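S.K.: The following block contains a protein sequence and its predicted model.
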Amino acid sequence: MLPAGWKAKESKSHPGTFFYINDYSGETQWEIPTKPAQPKNLESVRCSHLLRKHRGSRRPSSWRCETISQSKEESIRQIIEYRNQLVHVLETQGQQAMEKLFVDLAKTESDCSSAQKGGMFIYVYISCNNSFIYKLQYYYY
């Protein structure tokens, strides 16, 4: 089995011989990789969210509440209020304070299981080559 971030492909010019492709950079090599591929020229974005379900949701229940009875409009109002709180803290106390508030809100108010992690559920790595985005790598937490 290959280390993470690598895939093997059979050579067309040398059947039965494989080369290895770095999933991040697209670079190839003939030697079997021994270590996971490392991202090169990648930027990561931490994606977090605070989910508020409503009674019309596909599955109107969560870890917080067995049966969610609030309307869609109530859920939207709550999300807008959370956003207003976050913007106010960002403007008055800065980025770190806003991020802390987001984590605290997500842990207590989000209907998603990512609430246990403060709303964080994914890192997205964007690989750029000649100013073009050519690959997204998702890492779930």
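M.R.: It's in. Source: prediction; values computed, not measured. Numbering: from 1, shown residues only.
S.K.: switch to C-alpha atoms for all contacts and neighbour counts from now on
M.R.: Fine.
S.K.: ok, how many other residues are close to Asn84?
M.R.: Neighbour count of Asn84, defined by other C-alpha atoms under 10 Å: 12.
S.K.: so what secondary structure elements neighbour whichever strand or helix holds it?
M.R.: Assigned by DSSP states H and E, Asn84 falls within helix 72-93. Judged by 3 or more C-alpha pairs under 8 Å, 6 or more residues apart in numbering; DSSP states H and E, the packing partners of helix 72-93 are helix 95-109.
S.K.: Can I get the helix it packs on in PDB, CA atoms only?
M.R.: Extracted C-alpha coordinates of helix 95-109, given in PDB (Å, rounded to 0.1, in the frame of the first residue of the first chain):
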ATOM      1  CA  GLN A  95     -10.100  38.100  15.000                       C
ATOM      2  CA  GLN A  96      -9.100  35.900  17.900                       C
ATOM      3  CA  ALA A  97     -12.000  37.000  20.100                       C
ATOM      4  CA  MET A  98     -14.400  36.500  17.200                       C
ATOM      5  CA  GLU A  99     -13.100  33.000  16.500                       C
ATOM      6  CA  LYS A 100     -13.400  32.100  20.200                       C
ATOM      7  CA  LEU A 101     -17.000  33.300  20.200                       C
ATOM      8  CA  PHE A 102     -17.700  31.300  17.100                       C
ATOM      9  CA  VAL A 103     -16.400  28.100  18.700                       C
ATOM     10  CA  ASP A 104     -18.400  28.800  21.900                       C
ATOM     11  CA  LEU A 105     -21.600  29.500  19.900                       C
ATOM     12  CA  ALA A 106     -21.100  26.400  17.700                       C
ATOM     13  CA  LYS A 107     -20.500  24.200  20.700                       C
ATOM     14  CA  THR A 108     -23.800  25.200  22.300                       C
ATOM     15  CA  GLU A 109     -26.100  26.300  19.500                       C
END
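S.K.: Many thanks, I have nothing further to ask.
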